[in-house]
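> A structural model of the following input is requested.
(2 chains)
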Amino acid sequence: MADWYTNFANSGFGTTLVKQLGLPRPAVLRRYEPGEPLLPGPVVIGSAGAGRLRDTVAAVLKDAGATVVSPVAADGSTDGEKLGAVVLDATGLTSPGDLASAHDFLAPAIKRLRPSGRVLILADPPQATDSPAEAAARQAIDGLVRSIGKELLNGSTANAVYVPEGAETSVASPLKFFLSGRSAYVDGQLLTLSPADVPTGEDAEKPLAGKVAVVTGAARGIGASIAKVMARDGAHVVAVDIPAAGDSLAQVANEIGGTALQLDITAADAPQRLVEHLRERHGGVDVVVHNAGITRDKLLVNMDAARWNTVMAVNLQAQLDITQALLDDGDVLKDGARIVCVSSQSGIAGNRGQTNYAASKAGVIGMVRAWAPQFAERKATINAVAPGFIITEMTAKMPVGTREIGSRINSLQQGGLPVDVAETIAWLSQPGSAGVNGQTVRVCGQSMLGA
Amino acid sequence: MASNSKPATRKAAIVGGNRIPFARSNSTYAQASNQDMLTATIDGLVARFGLQGAQVGEVVAGAVLKHARDFNLTREAVLGSKLDASTPAYDVQQACGTGLEAAILVANKIALGQIESGIAGGVDTTSDAPLAVGDDLRRILISLNSAKTMQDRLKAIAKIRPGMIAPEIPRNAEPRTGLAMGEHAQLTAHEWEIGREEQDELTVRSHQNMAAAYDAGFFDDLVTPFLGLTRDQNLRPDSSLEKLAKLKPVFDKALPEGAEGTMTAGNSTPLTDGASAVLLASDEWAAEQGLPVLAHLVDAQTAAVDYVHGGEGLLMAPVYAVPRMLARNGLTLQDFDFYEIHEAFASTVLATMKAWEDPAYCKEKLGLDAPLGSIDRSKLNVHGSSLAAGHPFAATGGRIVASLAKTLHAAGPGKRGLISICAAGGQGVVAILES
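A predicted model of the protein is given here:
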């Protein structure tokens, strides 16, 4: 469910009122439902530069059931069918001059975008060239896509994917994610792919079928939502939370047909107990979602050691220790495993009163980046997701003013839902997401904080 | 599933257990019914072992204090749980031995190949206890119900007197002696010369052992919080001899002139609300489900004593049951790695052990050539028992079976544990588990 203001602003009277008052008019976002088509309208594919990915993109989208149409005339005709998505293949840019064709393609196409439409730009990574002109053109995509994200209306989003040479087969999974309703609250993001052996033949409805997935902090809030989405996508979920949260944990496990494991992840023997449980009960694990996190807010000058230490222990050290134990064990972490760590917008932008929390969440970003090469060797991945303002029981307790401002200062003018974070995590957990490694994906509606 | 040929008997496996934290009477669970607690406990077990929508062979449980409407308590709990609604269930009641007896019944059906899996449990509330009207009023109300004319109804109503209105509250007392269970236990403690200090020492150790077990995470996969309670409410980690020494004796009414009571609210278990459940199965079923086998239920025995006319203590029946079971299995009392003697009262545990050490008693009462001997106290109730956890009558057996099975499993294969539970009515239920 969207928040009260979004509902109001989309009601008959509300629409009139907020228009006249010039208030923000957040859209009801298109969110993924099993069985629905990838896009609510056709997708147009254009290119700027040589465009080595166009055929791949067209093939993937056709395979996913989307209708691919020809680019709109440069004169900007607004006639014809409304578009579900606009994809620009900007690989092979050699100089800023090549970007003119990006403008020529995007401007008329975006005019014809439906609500909750998608703009996705594929480009070469700026770091992968020695040529200043090439790097400039590639880096320009960064500013371009972020600005488009801020200009788009009606719940539409714009994101970019950097595709290095050799990572062409990695494109399919992020392409489908960014175009689908799964990425409803992911906006203004730039993702860099890596070359990988990408498994094919995944069941689109049940991409996690047969997988065992651990979700920590699964008793409530975002963790419960992650557990539900993972189960919906076919995984057997081992729902983990502290023993004191065991009753709601059991309810979550029973709702999704998973199992409950009461475990304080900061206990000295927790990694060992988790490894033993996974081996004994499930013969190993395919996906681990390090979601458990706590806040103990205070200004740094007033913060006692206990606040600092408990936040670090739960939010960062436990993720490190458990992941290390899984790696050390040898065979409990299955081939092609996926680790997804929950970071936070606070870890990117910082937040007053959250030095401990922000430090721990920034640490998560460094951790996944550093671990990525080692995971790649095992055909596995480790990534982070950084939620922005997500509407939960926790935010419901915030003062109205703080909450309303916090939820509006992003391009989608609304807070995200736990399911938005969950969808992103479930996508990173898919076998097909093998080419996404060491990345931190923000789920923040293109928040102005830390961008 | 059922096979065509009956297998030879096999030992039932204990897969694991679940219970809710035990609450003191008229406290956190005051508004919870037996059915609420048993259902929540089964659902916690379902979540732990992934049994959603699963049909287990049978669910067997019971309650000691039971409303008339709860005639099918366990089946109703199953219908309200996440188990497959086609899972059969029945109720049993053997006072404080109910939980262990339920486990024995399930284990025996598994042993005979009649079922492949089952859940044994128990629940009790002394807060939501059934109240009954007196027999006079009850007879009037029945005749009122069967009256056919208004005149007959008025006649019946006219017979009601104010004195009949007071309800009968269930008491923790023996119907044939009128003595509270604690008063019976105090008589036994007096007879066996069980001192106040050793009772208090046993009590402190129970609290300390259980608190340490909680801190070490031992109960993480044995307990699921309920109604905001995350640990047993009766547990006093800071219990001490000094604090216990200050308490006054409470069960000394029936003692002979001049004798001093030694049993207090501290070294006796309080009235408690709670529920427990244990998952049992054949080894094959557990392996198919990818579930562990913590231990096997090897054997069990019940006994009863004549505490009314026979001069035996009300809670001494396990003393008789154990040697019979040991003889059948060719074991001595010392052949165990862990002992779980239910702490109805600290004095009960001490009197039980003292009786087994007493050559004259063992010869005359138990008919043994030599006493059973003493047991290593460091192996007794190592994760605490009823004095710390509390004792919701029918739930205690399930608590002990699951905890002991986990303890044996952690100690390695081939470890043996003895369970001894005394029950009202002069009965006792004992069992052997082996990892």
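
> Smallest gap between the stretch 351-451 of chain A and chain B, at which residue?
Proximity of the stretch 351-451 of chain A to chain B (C-beta to the nearest C-beta) peaks at residue A:393, 16.1 Å away. To be clear about C-beta, it is placed using only N, CA and C from the backbone, and glycine gets the same treatment.

> Pretty sure that residue sits against residue A:223.
No: in this structure, residue A:393 is not within contact of residue A:223 by C-beta atoms under 8 Å, at 11.8 Å.

> more neighbours, these two?
A count of neighbours by other C-beta atoms under 10 Å in any protein chain shown puts residue A:223 above the other of residue A:393 and residue A:223, at 27 against 9.

> Which one of the residues in chain B is closest to chain A?
Taking C-beta to the nearest C-beta as the measure, the point where chain B comes nearest chain A is residue B:47, at 3.6 Å.

> Near that residue, how many residues? Count them for me, please.
So residue B:47, with other C-beta under 10 Å, has 28 neighbours.

> now residue A:138
Neighbour number of residue A:138 under other C-beta under 10 Å is 25.

> check contacts around it.
A:93, A:123-126, A:129, A:162 (C-beta atoms under 8 Å, 6 or more residues apart in numbering or on different chains).

> Tell me which of these fall in strands.
A:123, A:162 (DSSP state E).

> Which one of the contacts of residue A:138 is nearest to chain B?
residue A:162 (41.2 Å).

> so that closest one sits right up against residue A:129, yeah?
No: applying C-beta under 8 Å, one finds residue A:162 not in contact with residue A:129, separated by 11.6 Å.

> who has more neighbours, those two?
Neighbour totals were compared for residue A:162 and residue A:129, and residue A:162 leads with 22 against 16 (other C-beta under 10 Å).

> How confident was the prediction at the closest residue to the residue of the stretch 351-451 of chain A closest to chain B other than its chain neighbours?
Nearest residue to residue A:393, sequence neighbours excluded (C-beta to C-beta, 6 or more residues apart in numbering or on different chains): residue A:221, at 6.2 Å. On pLDDT, residue A:221 comes in at 94.

> give me the number of residues near residue A:221?
So residue A:221, with other C-beta under 10 Å, has 19 neighbours.

> what number of residues lie near residue A:133?
What residue A:133 shows, counting by other C-beta under 10 Å, is a neighbour count of 14.

> check which helix or strand covers it.
helix A:132-151 (DSSP states H and E).

> Show me which residues of that helix are buried.
Of the residues in helix A:132-151, A:134-135, A:137-138, A:140-142, A:144-146, A:148-149 count as buried by neighbour count, 16 or more other C-beta atoms under 10 Å in any protein chain shown.

> Please apply the same query to stretch B:427-435.
B:427-435.

> near chain A too, which of those?
Among those, none lies close to chain A by the criterion of C-beta under 8 Å from any C-beta of the partner chain.

> show me the residues around the nearest residue to residue A:270 once chain neighbours are set aside that make contact.
What sits nearest to residue A:270 in space, not counting adjacent residues and going by C-beta to C-beta, 6+ apart, is residue A:263, at 5.7 Å. Counting by C-beta under 8 Å, 6+ apart, residue A:263 touches A:240-243, A:270, A:273-274, B:217, B:220.

> next one: phi and psi at residue A:263?
phi -160, psi 130 (degrees, to the nearest 10).

> From residue B:166, how far out is it?
51 Å (C-beta to C-beta, to the nearest Å).

> what's the answer for residue A:296, then?
Distance, residue A:296 to residue B:166, by C-beta to C-beta: 55 Å.

> what's the longest helix in the chain?
Since you didn't name a chain, this refers to chain A. Scanning chain A for the helix with the most residues, using DSSP state H, yields helix A:355-377.

> Sorry, I should have been clearer: chain B.
Per DSSP H, chain B has its longest helix at helix B:196-215.

> Can you name the residues of the stretch 101-250 of chain B sitting close to chain A?
When proximity is defined as C-beta under 8 Å from any C-beta, the stretch 101-250 of chain B approaches chain A at B:217, B:219-221, B:223-226, B:230.

> if we go to 10 Å?
Within the stretch 101-250 of chain B, the positions near chain A by C-beta under 10 Å from any C-beta of the partner chain are B:214-217, B:219-231.

> Now, of the residues you listed, which are buried?
B:214, B:217, B:219-227, B:229-231.

> In those, find the pair that's most separated.
Among these, the pair separated by the greatest distance (C-beta to C-beta) is B:217 and B:227, at 22.0 Å.

> Could you pull up the contacting residues of the residue nearest to the spatial centre of chain B?
Centroid-nearest residue in chain B, with C-alpha atoms, centre = their mean: residue B:396, separated by 3.1 Å. Taking C-beta atoms under 10 Å, 6 or more residues apart in numbering or on different chains as the contact definition, residue B:396 lies against B:19, B:22, B:96-100, B:122, B:124, B:269, B:272, B:274, B:276, B:342-344, B:385-386, B:389-390, B:421, B:423.

> In strands, which of those residues fall?
Checked against DSSP E, those include these in strands: B:19, B:122, B:124, B:272, B:274, B:276, B:421, B:423.

> Strands of the chain, start to end?
This is for chain A. All strands of chain A, identified by DSSP E, fall at A:43-47, A:68-69, A:83-89, A:113-123, A:157-162, A:190-192, A:212-216, A:236-241, A:259-262, A:285-290, A:333-342, A:381-387, A:440-443.

> sorry, should have said chain B
Taking DSSP E as the criterion, chain B contains strands spanning B:12-19, B:23-24, B:58-61, B:89-91, B:117-124, B:272-281, B:295-304, B:338-341, B:416-423, B:427-434.

> would a markdown table of those strands with mean pLDDT be doable?
Below are those laid out as a markdown table (pLDDT from 0 to 100):
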| stretch | mean pLDDT |
| --- | --- |
| strand B:12-19 | 98 |
| strand B:23-24 | 94 |
| strand B:58-61 | 98 |
| strand B:89-91 | 97 |
| strand B:117-124 | 97 |
| strand B:272-281 | 97 |
| strand B:295-304 | 97 |
| strand B:338-341 | 98 |
| strand B:416-423 | 97 |
| strand B:427-434 | 97 |
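
> any idea which of those is most buried?
Most buried of these, by mean neighbour count (mean count of other C-beta atoms under 10 Å in any protein chain shown): strand B:117-124, with a mean of 34.

> quick one, it and strand B:272-281 angle?
Using axes from the mean of the first three to the mean of the last three C-alpha atoms, to 10 degrees, the direction of strand B:117-124 lies 170 degrees away from that of strand B:272-281.

> Strand B:117-124 pairs with which strands, and in what direction?
strand B:58-61 (parallel), strand B:272-281 (antiparallel) (DSSP bridges).

> Just checking the distance from the first one to the centre of its chain.
The reference is to strand B:58-61. 15 Å (C-alpha atoms, centre = their mean, to the nearest Å).

> for stretch B:221-236, same thing?
Distance, stretch centre to chain centre, for stretch B:221-236: 17 Å (C-alpha atoms, centre = their mean).

> just to revisit the earlier point, so which other helices or strands are in contact with the longest helix of chain A?
Judged by 3 or more C-beta pairs under 10 Å, 6 or more residues apart in numbering or on different chains; DSSP states H and E, the packing partners of helix A:355-377 are strand A:285-290, helix A:305-312, helix A:318-329, strand A:333-342, helix A:345-349, strand A:381-387, strand A:440-443.

> Quick one: closest of these to chain B.
Nearest to chain B among those is strand A:285-290; the distance by C-beta to the nearest C-beta comes to 13.1 Å.

> In JSON lines, list the buried ones among the residues of the stretch 101-250 of chain B next to chain A along with pLDDT and distance to residue B:197.
Formatted as JSON lines, those follow (pLDDT from 0 to 100; distance: C-beta to C-beta, whole Å):
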{"residue": "B:214", "pLDDT": "97", "distance to residue B:197": "26"}
{"residue": "B:217", "pLDDT": "96", "distance to residue B:197": "32"}
{"residue": "B:219", "pLDDT": "97", "distance to residue B:197": "29"}
{"residue": "B:220", "pLDDT": "97", "distance to residue B:197": "34"}
{"residue": "B:221", "pLDDT": "97", "distance to residue B:197": "36"}
{"residue": "B:222", "pLDDT": "98", "distance to residue B:197": "31"}
{"residue": "B:223", "pLDDT": "98", "distance to residue B:197": "31"}
{"residue": "B:224", "pLDDT": "98", "distance to residue B:197": "37"}
{"residue": "B:225", "pLDDT": "98", "distance to residue B:197": "36"}
{"residue": "B:226", "pLDDT": "97", "distance to residue B:197": "36"}
{"residue": "B:227", "pLDDT": "96", "distance to residue B:197": "37"}
{"residue": "B:229", "pLDDT": "96", "distance to residue B:197": "32"}
{"residue": "B:230", "pLDDT": "96", "distance to residue B:197": "33"}
{"residue": "B:231", "pLDDT": "96", "distance to residue B:197": "27"}
